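Enquirer: One predicted model, sequence on top.
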Amino acid sequence: FSSRRRHTRYGTVTGVQTCALPILIWREKMTDQLAALTTIFTEFYYWVTVVLMFLIHVGFCMYEVGASRYKHHQHTLMKNTMLIPLVTVTWFFFGWWIYWAFPTGPGFAPSIMNESAALITDESAFSAAWYVPTSDLMGMNLNDHISGVFWAAFLLFSWTAASIVSGAVIERITTFAFGILAIAIGSVFWTIDAAWGWHFDGWMLKILGYHDAYASGVIHAIAGGFALGILVVLGPRIGKFSSSGEPRNIGPRNPWLVTVGLFLIYTGFWGFYAACNIPIYDLGPEYGMEGVTFWTATNIYVTPTTLSGITFNFLMSLSGGLLAGYVISKGDPFWTYSSGLAGVITASAGNDLYHPIQAMIIAMIGVWVAYKLHYWVERKFKIDDAVGAVAVHGYAGFVGLVICGFVLNGYPSSGYSVGAMWDGSTYAAINPLGMFIGAIIMFFVLGFIPGWIIAKVLHGMGKLRIPREVELAGLDYQILEDASSDEKAVASASR
């Protein structure tokens, strides 16, 4: 590994500005046919992953409608649909800027780009200055083939974070409250955690040795924690608990929709994995090995991996989750399908480095913990998580981070310099303590606490939960009544 100074083909990245605009990098790469082919391939690669990841949202819509009762169907669908424009617009205006501005904390560790611990808003390469809405990189630009598709890939991650929260709170939250919460998790808090722990310059890599290749923590643990914070304030659905406090089962009303929805989420999640990689990159010059050519795919931390390897691990962790879910739930279809997803989520933190058998076993452990914790928390704290989102995403993601710290103990957290933990000027190796602290940050600090605070504020304003009579009648009551009147008018018409 290279020294702390990051050597690249564009110069040494320290206090010296390497280029006035990232756009110059791509312009230089387009000067010969091989470089042009690499750039166009990368652009098309990310474009395809965005299309695949759209299936995650289709799956969530089907899954949540299938899990909800008929009287809430259309509201459930519309709520999850409207997060698309809300998160997209806010992500364009400030979410993407946050990702590039906050890798240093600010104040926790200096950037390898400019050696400052302040927000990265100067004119160094990869600065947030280039990602304000009016920037040349935030629109049509024939000299830039990457910014738009990369922005869109992260945007789809944002939709996923908001959709995870959506399922947990169905049938009782107001549309207004959910819109505010979707923007908060989708364009603010997950973006901060991505800057901290899912960025090659993130302070959590340097201080903690944090490693989360496919987002066990930066998407799933934080969204699960955020949802749990909301649920504590929101309360259970009417009738969920008996007078003695025993939970009642309000199961899925359309198992077929739930099944197809989850299979679409599996498919989109595969695209998610691909989007977390840089598909083709020459790491020789990047690591200061001048004259050495080493073309490979890399993960988000610019460390080498292969699409072939992660395919092994994705399918083995999916299979481990399904097998464990089937056994633990005694063949319950809802939990079996959900456990396939939980298995992949548990193994995702280290699936760039695990052996496939490790991925399968880790997935099984995560499913067991998530399933048991879900029912324990439900009975102990009267938490009504309508689709098990906190368990499948939050608990599984948290456990996945902790396990990763033990299994990959000593592996480099980054392809750049790897030094001592807590140093801050270098990168710590992956380790159990750092990963546990990282899991706490993701689930509680950036997830549960903000979700609880925002929900408390909305509750105090009387804007969090729908009225009791509306919940009993159904959020779609007026729509259904109007439809019934229309049908009667049609049936009684003479012509």
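Expert: Noted; the coordinates are in hand. Bear in mind the structure is a predicted one, so any value in this text is a computation, not a measurement. Numbering: from 1, shown residues only.
Enquirer: show me the contacts for residue 256.
Expert: residue 66 (Cβ atoms under 8 Å, 6 or more residues apart in numbering). Quick note: C-beta positions are derived from backbone N, CA and C, even for glycine.
Enquirer: so where does it fall, helix or strand?
Expert: Applying DSSP states H and E as the criterion places residue 256 in helix 255-275.
Enquirer: following that helix, which helix or strand shows up next?
Expert: By DSSP H and E, the next helix or strand past helix 255-275 is strand 278-282.
Enquirer: buried ones in that following strand?
Expert: 278, 279, 281 (16 or more other Cβ atoms under 10 Å).
Enquirer: which one's the longest helix in the chain?
Expert: helix 33-67 (DSSP state H).
Enquirer: Output the contacting helices and strands for that helix.
Expert: helix 22-29, helix 73-90, helix 147-168, helix 255-275, strand 278-282 (3 or more Cβ pairs under 8 Å, 6 or more residues apart in numbering; DSSP states H and E).
Enquirer: And the ones you listed: which comes nearest residue 466?
Expert: Set against residue 466 and scored by Cβ to Cβ, the helices and strands packed on helix 33-67 come closest in helix 73-90, at 9.2 Å.
Enquirer: what about the helix or strand that comes right after that closest one, distance to the chain center?
Expert: Next along the chain after helix 73-90, taking DSSP H and E as the criterion, comes helix 96-101. Taking Cα atoms, centre = their mean, to the nearest Å, one finds helix 96-101 lying 16 Å from the centre of the chain it belongs to.
Enquirer: repeat for stretch 316-330
Expert: So, by Cα atoms, centre = their mean, the centroid of stretch 316-330 is 22 Å from its chain's centroid.
Enquirer: tell me the contacts of the nearest residue to residue 149 once chain neighbours are set aside?
Expert: The shortest distance from residue 149 to any non-neighbouring residue, by Cβ to Cβ, 6 or more residues apart in numbering, is to residue 46 (3.7 Å). Neighbouring residues of residue 46 by Cβ under 8 Å, 6+ apart: 146, 149, 150, 152, 153, 275, 279.
Enquirer: again, but for residue 126
Expert: 22, 100, 113, 120, 201.
Enquirer: Got the confidence number for the second one?
Expert: In this prediction, residue 100 carries a pLDDT score of 97.
Enquirer: pretty sure it is touching residue 135, no?
Expert: No: here residue 100 lies out of contact with residue 135, judged by Cβ atoms under 8 Å, at a distance of 10.7 Å.
Enquirer: So between these two, which is more surrounded?
Expert: Taking neighbours as other Cβ atoms under 10 Å, residue 100 and residue 135 compare with residue 100 leading, 21 against 18.
Enquirer: Once you drop chain neighbours, what's closest to that one?
Expert: residue 128 (3.9 Å).
Enquirer: how about stretch 419-429 as CSV, C-alpha atoms only?
Expert: C-alpha atoms of stretch 419-429 as CSV (Å, rounded to 0.1, in the frame of the first residue of the first chain):
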residue,chain,number,x,y,z
GLY,A,419,-1.9,2.4,9.9
ALA,A,420,-2.9,2.5,13.5
MET,A,421,-6.5,2.7,14.8
TRP,A,422,-7.5,6.1,16.2
ASP,A,423,-4.6,7.8,14.3
GLY,A,424,-6.8,9.6,11.8
SER,A,425,-3.9,10.6,9.5
THR,A,426,-3.7,7.0,8.1
TYR,A,427,-6.3,4.2,7.6
ALA,A,428,-6.9,1.7,10.4
ALA,A,429,-7.3,-2.0,9.5
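Enquirer: give me the low-pLDDT residue ranges for this structure?
Expert: 1-31, 495 (pLDDT under 70).
Enquirer: Just the buried residues of the helix holding residue 256, please?
Expert: Residues of helix 255-275 classed as buried by neighbour count (16+ other Cβ under 10 Å): 257-275.
Enquirer: Would you mind getting the angle between that helix and helix 147-168?
Expert: 150 degrees (axes from the mean of the first three to the mean of the last three Cα atoms, to 10 degrees).
Enquirer: How far off centre is helix 255-275?
Expert: With Cα atoms, centre = their mean, you get 14 Å for helix 255-275.
Enquirer: Residue 178 is nearest to which of the helices and strands packed on helix 33-67?
Expert: helix 73-90 (5.5 Å).
Enquirer: What lies in contact with that closest one?
Expert: Residues from elsewhere that reach helix 73-90, judged by Cβ under 8 Å, 6+ apart: 57, 60-61, 64-65, 68, 95, 155, 158-159, 162-163, 166, 170-171, 173, 175, 178-179, 182-183, 186-187, 475-476, 479.
Enquirer: Buried ones in it, by neighbour count?
Expert: Buried, per 16+ other Cβ under 10 Å, within helix 73-90: 73-77, 79-80, 83-84, 86-88, 90.
Enquirer: Could you export these as TSV, including distance to residue 312?
Expert: Listed next are the buried residues of helix 73-90 as TSV, based on distance: Cβ to Cβ, whole Å:
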residue	distance to residue 312
73	39
74	41
75	41
76	36
77	36
79	37
80	32
83	33
84	33
86	37
87	32
88	34
90	37
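Enquirer: Can you classify residue 122 by secondary structure?
Expert: Classification of residue 122 by DSSP: H, G, I helix; E, B strand; the rest coil places it in coil.
Enquirer: and the residue lying closest to it once chain neighbours are set aside, which of the three is it?
Expert: Sequence neighbours aside, residue 114 is the residue nearest to residue 122 in space, at 5.9 Å (criterion: Cβ to Cβ, 6+ apart). Using three-state DSSP, the structure places residue 114 in coil.
Enquirer: any idea how far residue 202 is from residue 114?
Expert: Plainly put, residue 114 is 15 Å away from residue 202 if you go by Cβ to Cβ, to the nearest Å.
Enquirer: Equivalent analysis for residue 268, please.
Expert: Relative to residue 202, and taking Cβ to Cβ, residue 268 is found at 25 Å.
Enquirer: For stretch 226-240, measure first residue to last.
Expert: End-to-end distance of stretch 226-240: 21 Å, with Cα to Cα, to the nearest Å as the criterion.
Enquirer: same question, stretch 231-245
Expert: 17 Å.
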